[in-house]
Each structure stands twice: as structure tokens, then as C-alpha cells.
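K.L.:
Sequence plus predicted model, see below.
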Amino acid sequence: MIELTSKQRRNLEKIAHNIDPVVIVGAAGVTDGVINMVQESLAVHELIKVKFNEYKDERFELTSKICNDTGADLVRIIGNKAILYKQAEEPENRKIKI
């Protein structure tokens, strides 16, 4: 994980504005399948949204767990959606320059 500055967070929020959620947390909660899906989505997109259909009251704790398990950085939680970012390891694979 990298430490994002407030300017970088604002920039990532702007980029994420038109992105649809790719991972949805449902009745089963944050399972290994959800963690794997987040990891795969971050590897492909770098910046994703996670929507909480269930466990809305626990979204802050669950987002923290997702970030810890995947190595992602939390950009922001807006309503029931979390914006996550994980920079690609290889510089040539990076789609987002921060």
C-alpha cells in the first residue's frame, strides 16, 4: 500500500465518478470469494468501486478488512460505495498516473 495525499485522493475520486461498482457485498458478507474478486478487479483496473447491498452499517470496518487483505488503498467511502485503488506493480501496466 502507498500513502495517498489528499490531492491524489481527489484526483482518484474524479476518475472514479463514472465507474460502476464491480464488486457487490451481499448477504454473505466479505467472503474469500469477495476478496479474490476485489484482487482480480484491482489487478485489471487499478481503481474500483465496491457496493454494499448488505452490511451497510459495517461498511467502514469491512472496507478496512478488504483493504488489509488485498493491499489496496481506500480512496473514499461515499454512501454505500467504497472507492479502492491499488497501483499496478509493473510501471508499464499502470493505467492511472498519480
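P.N.:
It's in.

K.L.:
Asp20 and Ser6, how far apart?
P.N.:
Distance of Asp20 to Ser6, given as CB to CB, to the nearest Å: 25 Å. The C-beta positions use only the backbone N, C-alpha and C, and glycine is treated the same way.

K.L.:
Can you check the pLDDT for Ile66?
P.N.:
With respect to pLDDT, Ile66 scores 96.

K.L.:
Once you drop chain neighbours, what's closest to it?
P.N.:
Nearest non-adjacent residue to Ile66, counting by CB to CB, 6 or more residues apart in numbering: Val38, 5.7 Å away.

K.L.:
Quick check: the gap between the one you found and Phe60.
P.N.:
For Val38, the distance to Phe60 equals 16 Å [CB to CB].

K.L.:
hmm, back to that, dump the residue contacts of the residue nearest to Ile66.
P.N.:
Residues in contact with Val38 (CB atoms under 8 Å, 6 or more residues apart in numbering) are 23, 48, 50, 66, 70, 72, 84.

K.L.:
try 7 Å this time
P.N.:
By CB atoms under 7 Å, 6 or more residues apart in numbering, the residues touching Val38 are 23, 50, 66, 70, 84.
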